[in-house]
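> Just the structure for this:
(2 chains)
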Amino acid sequence: MARVVVDVMLKPEILDPQGQAVQRALPRLGFEGVSDVRQGKRFELEVDGPVDDAALARIHELAESFLANTVIEDFTVKVEEVAEAGK
Amino acid sequence: MTARIGVVTFPGSLDDRDTRRAIKLAGAEPVALWHKDKDLRQVDAVVLCGGFSYGDYLRAGAIARFSPVMETLIEQAKSGMPVLGICNGFQILTEAHLLPGGMLGNDHLHFICRDQKLRVENASTAWTADYEAGQEIHIPLKNMDGRYVADERTLDMLEAEGRVAFRYVTGGDAAEGHGNPNGSLRDIAGISNEAGNVVGLMPHPEHAVEPLVGSGRTDGLPFFTSILKKLVTA
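Below you'll find the predicted structure:
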């Protein structure tokens, strides 16, 4: 089993009011020096079987058609090493 | 014989009954359609109504867009069947790429519910023919994800092709329903596809069809009489 992580972010030119609200709260919490915050989504897909090129291509297609709306969002797909017990 | 206009109910739809009622008041026959059913029951047009289909999980309209009824609807909309998307319906139409651009959370991060002034910019679509271009109407608006966004090139194309169907009226008193309520780019409240058969907007014409309820006006009724006239004379 392997984990594939899909990160989805609003395109850089699109206003992110949620991120801005987070950024504005930082000084109140004593965090200085953060000039911008943008908030995104992370999907963790537990994949059965090997994550080969074919599997990654399918996940890429899924991300492009469903997990992200590419009109307004960008996404990245990466395979995450899962430390398995007993190995 | 009158026209048959379908209204799709998804899990989480809210305004299906009001929409069917508005269709009936306009003199057409409302037909209830179900999200799991690919069959559009030989309707002449479809309205995707407001609500929070599938809880708006992932993105507003993102999951509804893949429901069985949408398979048939997308195909038929592409071959000219009139489709109107109101609020969540507009979001579903952008997710289905029947309309360009996308919908995001209101810039002020709050749900908004108020009577809103709009200007009808294009009175030649299937759903707006009973208005006059430039006419101002006052209908309810209620949404969380009402911010219309698209890249500059798409916005310029929409403007150049006259596909901005409705714009929020700005520059006046907010208490009178003026102002951009959600940060939509270029004050866009609704758009159409190239052929003019698919129209989407955030505010709710179906809640403004009788003087007794809603905004107390009937400013939304021409949506439904427009489509009826188009279908009956077609």
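
> only C-alpha atoms for contact and neighbour calcs from this point on.
OK.

> Closest approach to chain B from chain A, which residue is it?
Distance from chain B to each residue of chain A (CA to the nearest CA) is smallest for A:P17, at 5.7 Å.

> so is the residue nearest to that residue when sequence neighbours are not counted in a helix, a strand, or just coil?
In space, A:P17 comes closest to B:D107 once its chain neighbours are excluded; the distance is 5.7 Å by CA to CA, 6 or more residues apart in numbering or on different chains. Using DSSP: H, G, I helix; E, B strand; the rest coil, the secondary structure recorded for B:D107 is coil.

> Run through the residues that contact B:D107.
Taking CA atoms under 8 Å, 6 or more residues apart in numbering or on different chains as the contact definition, B:D107 lies against A:16-17, B:147, B:182-183.

> can you list those in CSV and add pLDDT, secondary structure and distance to B:E206?
Listed next are those as CSV, based on pLDDT from 0 to 100; DSSP: H, G, I helix; E, B strand; the rest coil; distance: CA to CA, whole Å:
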residue, pLDDT, secondary structure, distance to B:E206
A:D16, 96, coil, 31
A:P17, 95, helix, 30
B:R147, 97, strand, 20
B:N182, 96, coil, 20
B:G183, 96, coil, 23
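
> top of the residues you listed by neighbour count?
Among the contacts of B:D107, the one with the most neighbours (other CA atoms under 10 Å in any protein chain shown) is B:N182, at 25 neighbours.

> Was I right to think that residue contacts B:K142?
No. Counting by CA atoms under 8 Å, B:N182 sits too far from B:K142 to count as a contact (10.5 Å).

> re earlier: my guess is the residue of chain A closest to chain B contacts B:L109. True?
Yes. A contact is recorded between A:P17 and B:L109 when judged using CA under 8 Å, the distance being 7.0 Å.

> now chain B, which segments are flagged as low pLDDT?
Applying pLDDT under 70 to chain B flags the ranges B:1, B:214-215, B:234.

> Within range of chain A, give me the residues from it.
Contacts of chain B with chain A, taken as CA under 8 Å from any CA of the partner chain, map to B:58, B:62, B:95, B:101-102, B:107-109, B:149-150.

> Where neighbours are concerned, which of these has the most?
B:E95 (27 neighbours).

> rewinding a little: is it possible to export the contacts of B:D107 to JSON lines including distance to B:A129?
Supplementary listing: these in JSON lines, determined by distance: CA to CA, whole Å:
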{"residue": "A:D16", "distance to B:A129": "36"}
{"residue": "A:P17", "distance to B:A129": "36"}
{"residue": "B:R147", "distance to B:A129": "26"}
{"residue": "B:N182", "distance to B:A129": "27"}
{"residue": "B:G183", "distance to B:A129": "27"}
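
> nearest to A:A68, of those?
Set against A:A68, the nearest of these by CA to CA is A:D16 (15.6 Å).

> Would you mind naming the residues that bridge with the most centrally placed residue in chain B?
Nearest to the mean C-alpha position of chain B, counting by CA atoms, centre = their mean, stands B:I86 at 2.8 Å. With DSSP bridges as the criterion, the beta-bridge partners of B:I86 are B:L201.

> Pull out the buried positions in stretch B:160-170.
For stretch B:160-170, burial by neighbour count (16 or more other CA atoms under 10 Å in any protein chain shown) applies to B:162-170.

> any chance of those residues in a markdown table, plus distance to B:G6 and secondary structure?
Rendered in a markdown table, the data for the buried residues of stretch B:160-170 read as follows (distance: CA to CA, whole Å; DSSP: H, G, I helix; E, B strand; the rest coil):
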| residue | distance to B:G6 | secondary structure |
| --- | --- | --- |
| B:G162 | 27 | coil |
| B:R163 | 24 | coil |
| B:V164 | 25 | strand |
| B:A165 | 22 | strand |
| B:F166 | 23 | strand |
| B:R167 | 26 | strand |
| B:Y168 | 28 | strand |
| B:V169 | 30 | coil |
| B:T170 | 34 | coil |
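
> Please identify the buried residues of the helix or strand that A:L62 is a member of?
Following DSSP states H and E, the helix or strand that holds A:L62 is helix A:53-62. For helix A:53-62, burial by neighbour count (16+ other CA under 10 Å) applies to A:56, A:59-60.

> Strands of chain A, residue ranges please.
Shown for chain A, the strands assigned by DSSP state E span residues A:2-10, A:41-47, A:73-80.
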